[in-house]
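Coordinates only, no sequence provided:
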């Protein structure tokens, strides 16, 4: 059979089937139109607006280390959008959180945990407290 004959028979069969199933034919035509009109209504009710180029702060992955990963989660929880490139967008920079509260907290904890016996700052504080007690007792 020739191509055009097969195509004509297939279209005639399809037309005959569709003519017998009118409800199914209406649903097959109406359903895509319904979805299309929903998309048009959403597009018209929320028109697009011009927004500047958005640069997000870098967030370290867990493979970069625990501290940079936690800082990325805590410091960028609200995920702000900046108009200009952020410092952490340069290649090779893991984090730009050196002045953050979390960074200072961890550096203070590290300094306290790695406290050496040669550090006399604690002894100096004890001396100051003793002198304050003596001063308080003498004035009272």
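Perfect, I can see it now. The structure presented is a predicted model; accordingly, all values stated were derived computationally and were not measured.

Please make it C-alpha for all contacts and neighbour counts, starting now.
Fine.

mind listing the helices for this structure?
Along the chain, counting by DSSP state H, helices occupy 3-20, 22-45, 66-75, 101-113, 121-139.

quick one: residue 4 and residue 55, what's the gap?
Distance of residue 4 to residue 55, computed by CA to CA, to the nearest Å: 57 Å.

The two: who's more crowded?
residue 55 (14 against 9; other CA atoms under 10 Å).

What is the helix or strand bottoming out on mean pLDDT in the chain packed up against?
Counting by mean pLDDT, DSSP states H and E, the weakest-scoring helix or strand in the chain turns out to be helix 101-113, with a mean of 74. Where contact means 3 or more CA pairs under 8 Å, 6 or more residues apart in numbering; DSSP states H and E, helix 101-113 is packed against helix 66-75.

Give me the buried positions along the helix it packs on.
Of the residues in helix 66-75, 68, 69, 70, 71, 72 count as buried by neighbour count, 16 or more other CA atoms under 10 Å.

So the first one is in contact with residue 60, correct?
When you say that, I think you mean residue 68. Yes - assessed by CA atoms under 8 Å, residue 68 is found in contact with residue 60 at 5.8 Å.

re earlier: could the buried residues of helix 66-75 go into CSV alongside pLDDT?
Supplementary listing: the buried residues of helix 66-75 in CSV, determined by pLDDT from 0 to 100:
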residue, pLDDT
68, 79
69, 84
70, 84
71, 80
72, 79
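
dump the residue contacts of the residue nearest to residue 55 when sequence neighbours are not counted.
Distances taken as CA to CA, 6 or more residues apart in numbering place residue 82 nearest to residue 55, at 5.0 Å, with adjacent residues excluded. Applying CA atoms under 8 Å, 6 or more residues apart in numbering, we find residue 82 in contact with 54, 55, 56.
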